[in-house]
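Chemist: only the shape, not the letters, is given here:
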DNA sequence: CTGAAAGCGCTAACAT
DNA sequence: ATGTTAGCGCTTTCAG
């Protein structure tokens, strides 16, 4: 089948060592030998086996990427960024879509270890218990995106969720809304409480009572948003603005609002979170809190690669408990977010004029 | 660092062969030895190296997946399906996003060979020349999704694009539209001409002149659809219905229509293609031709796995030129598509009443 | 039932 | 400048 280095060596009349050297581009080979080797390799269509090399070199040039759910448009954008940067550094991605299943997520952790990937980017919205245990003594370098492992020394990065919630609510409040509601996600999602806290903060800053903000929990997808909004409307019929956990829920909320015969933003304003690609194209275009998705991915991979370089230079793999990259914020880097005001938010209508 | 099989063997007081057998679950080991081995493995937290095993077994249990552009929501859905099925069969995915760059796509081909993946799923919207050359003598089993390699014996699957175009146009025609336009994609996209042909066919079936259907080419994304619609409107102002190459273009088209002060479907009806997840949630919800995305992915992986099984049972890797799976439609399987009528299409307004 | 040993394809000392 | 050799960690005959 595929030619091996031995085949090339034989054909070129040299040793495998020479072939290896020539192909590695290290000098130290007479021009004519060099040529012969190159010719032989070409003639045989020789492709060095990365698996053999990995075994020898103890590095696979592969990164694992674990994500919560590839069907949430946030993740493809993140995957794209991670892959781009990994590629820049000569790494390939083993894609692990947890599909929202904690068991599947956990099993991927072991699989990545077995596969001897050089490092893993964990980009999940929340860490399960098994995950957390594993992270306490990870057999390989890890960096976290969108979550933190409190007390654990892994580099991590996330958006400023509290500020995001704050900005979303402030936007509505500044527009004149007085009763705003929140659509949030379950406990599994680490960012959810933070975003809620931000909303409360903004409300309090205006001298209103943060405890009076109605909150409904739902699945963080379109359907979940739709359902949750119904609940919210029932709980707080006088509400004129809603902050959603993410863009998908916001889209669901807009649908539900319309289904009630109300309009967006005429009757109720909606603010999302993420600024996924389609947010600009919904109708009305979604006002949302933009996360710097590409930067999230870039930072994660660069930190990982950095750490691998250190380790490669140093003595052992990466230190017992996977110490965080030297000097770098193991406390958790946080990226600023910004409000993108689009059509789904506007001033509240005069009281008492809502139809239905 | 990580324990090796040797460490386990030593600790259990047996040979590595025994450890291997026990861990492989093959019987033939006294219960007590078995226990000792298992204990040792557990104590050392032993994780067998998949790379060493791959070298020995000449199989990586890894599939390469090449896609055109992960940012088009069609692909995440496909990736999801491919990963699910691969996982069912014990395979992992090396994700290769071509990001719409033919060079990047081609370079991934070589990379996958180097990595010795067991097979590759090529899910791209069109094959470049380098790609086609490579496919003429692929060093590993390949299956094509969404494209065919004419004359080449690779299993391939795609939706019935002609029929899709036909259904889309027929829907509009049946609604009473007489002047329909088409937004298509460039030559790089294999499905584009097929879908156009389908539209023409439907038009001809109604006794209208297929040659008179205005067609504009654009990038197959929202922006492209927006731009192309402007052009289309300029070319054929009397048009009342448009069939877009995909949902993204359709969304762009709807935006552009609205930007002109017209309404969808009041003034112009729009039909998309793919039925991506968000299609149901645009406003108005998009009428579109649904592809069986999950089935596309499942079929591809199952065919690949099937072929690998044959090869594994047989003598060599997979035959010189990568013969197609025994008896299976190497001609190219085609999956039916179906129209999902939603809000973006409706009967044409009486002539002469369009605003602007 | 278990062990010894060869070898998957490659790289890197260490010779020469 | 090039060849010899010893593994990397695993599986699998082949013996015993």
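Modeler: Nice, I can see it. Given the structure is predicted, the values throughout are model-derived calculations rather than measurements.
Chemist: for the host helix or strand of residue A:168, buried residues please.
Modeler: Under the criterion of DSSP states H and E, residue A:168 resides in helix A:161-175. Under the neighbour-count criterion of 16 or more other C-beta atoms under 10 Å in any protein chain shown, helix A:161-175 has A:161-173, A:175 buried. To be clear about C-beta, it is placed using only N, CA and C from the backbone, and glycine gets the same treatment.
Chemist: tell me how many other residues crowd the closest residue to residue A:214 other than its chain neighbours.
Modeler: For residue A:214, ignoring the flanking residues on the chain, the nearest one in space by C-beta to C-beta, 6 or more residues apart in numbering or on different chains is residue A:236 at 4.0 Å. Look at residue A:236: counted by other C-beta atoms under 10 Å in any protein chain shown, it has 18 neighbours.
Chemist: pretty sure residue A:236 contacts residue A:179?
Modeler: Yes. Judged on C-beta atoms under 8 Å, residue A:236 makes contact with residue A:179 at a distance of 6.5 Å.
Chemist: where does residue A:288 land in three-state SS?
Modeler: Three-state secondary structure (criterion: DSSP: H, G, I helix; E, B strand; the rest coil) places residue A:288 in strand.
Chemist: give me the distance from stretch A:18-35 to the chain's centre.
Modeler: 43 Å (C-alpha atoms, centre = their mean, to the nearest Å).
Chemist: contact partners of it?
Modeler: The list of residues contacting stretch A:18-35 from outside it, by C-beta atoms under 8 Å, 6 or more residues apart in numbering or on different chains, reads A:5, A:8, A:9, A:12, A:14, A:37, A:38, A:40, A:41, A:48.
Chemist: cutoff 10 Å now
Modeler: Among residues not part of stretch A:18-35, those counted as contacts by C-beta atoms under 10 Å, 6 or more residues apart in numbering or on different chains are A:4-15, A:36-38, A:40-41, A:46, A:48, A:53.
Chemist: and DNA strand C, which of the residues you listed reach it?
Modeler: The subset of the contacts of stretch A:18-35 within reach of DNA strand C, by C-beta under 7 Å from any atom of the strand, is A:4, A:5, A:6, A:46, A:48, A:53.
Chemist: let me know whether the first one touches residue A:46 as I believe.
Modeler: Yes. Residue A:4 is in contact with residue A:46 according to C-beta atoms under 10 Å; the separation is 8.0 Å.
Chemist: between the two, who's got more neighbours?
Modeler: Taking other C-beta under 10 Å, residue A:4 and residue A:46 do not tie; residue A:46 has more neighbours (20 against 17).
Chemist: quickly find the element holding the more buried one.
Modeler: With DSSP H and E as the test, residue A:46 turns up in no helix or strand.
Chemist: what about chain A, any weak spots by pLDDT?
Modeler: In the prediction, chain A carries residues with pLDDT under 70 at positions A:1, A:313-330, A:351-356.
Chemist: can you list the domains in it?
Modeler: Dividing chain A into domains by automatic domain parsing, as the record does, gives the ranges A:5-48, A:60-159+A:293-335, A:161-292.
Chemist: could you say which of those domains is packed most deeply?
Modeler: Highest mean neighbour count of those: domain A:161-292, a mean of 22 (counted as mean count of other C-beta atoms under 10 Å in any protein chain shown).
Chemist: end to end on that one, go ahead and measure it.
Modeler: When the termini of domain A:161-292 are compared using C-alpha to C-alpha, to the nearest Å, they are 12 Å apart.
Chemist: likewise stretch A:57-72?
Modeler: The first residue of stretch A:57-72 is 37 Å away from its last residue (C-alpha to C-alpha).
Chemist: thought residue A:218 was touching residue A:186?
Modeler: Yes. With contact defined as C-beta under 10 Å, residue A:218 counts as touching residue A:186 (8.2 Å).
Chemist: overlap of the contact sets of those two?
Modeler: Common neighbours of residue A:218 and residue A:186, counting by C-beta under 10 Å, 6+ apart, are A:224, A:245.
Chemist: residues touching the residue of the stretch 151-300 of chain A at minimum distance from chain B, list them.
Modeler: When you check the stretch 151-300 of chain A against chain B by C-beta to the nearest C-beta, the closest residue turns out to be residue A:283, at 3.5 Å. Listed by C-beta under 10 Å, 6+ apart, the contact partners of residue A:283 are A:254, A:258, A:264, A:343-344, B:251, B:254-255, B:258, B:264, B:281-284.
Chemist: thought residue A:340 was touching residue A:290?
Modeler: Yes. Under the criterion of C-beta under 10 Å, residue A:340 lies in contact with residue A:290, with a separation of 5.1 Å.
Chemist: which neighbours do these two share?
Modeler: Each of A:272, A:275, A:279 lies in contact with both residue A:340 and residue A:290 under the rule C-beta under 10 Å, 6+ apart.
Chemist: where's the closest residue to the last one other than its chain neighbours relative to residue A:135, distance?
Modeler: Read it as residue A:279. Setting aside the residues directly before and after it, residue A:279 is nearest to residue A:286 in space (C-beta to C-beta, 6+ apart), at 4.2 Å. Distance, residue A:286 to residue A:135, using C-beta to C-beta, to the nearest Å: 34 Å.
Chemist: and chain A, which residues reach DNA strand D?
Modeler: Taking C-beta under 7 Å from any atom of the strand as the criterion, chain A approaches DNA strand D at residues A:13-18, A:21, A:27-30, A:32-34, A:52, A:55-56, A:58.
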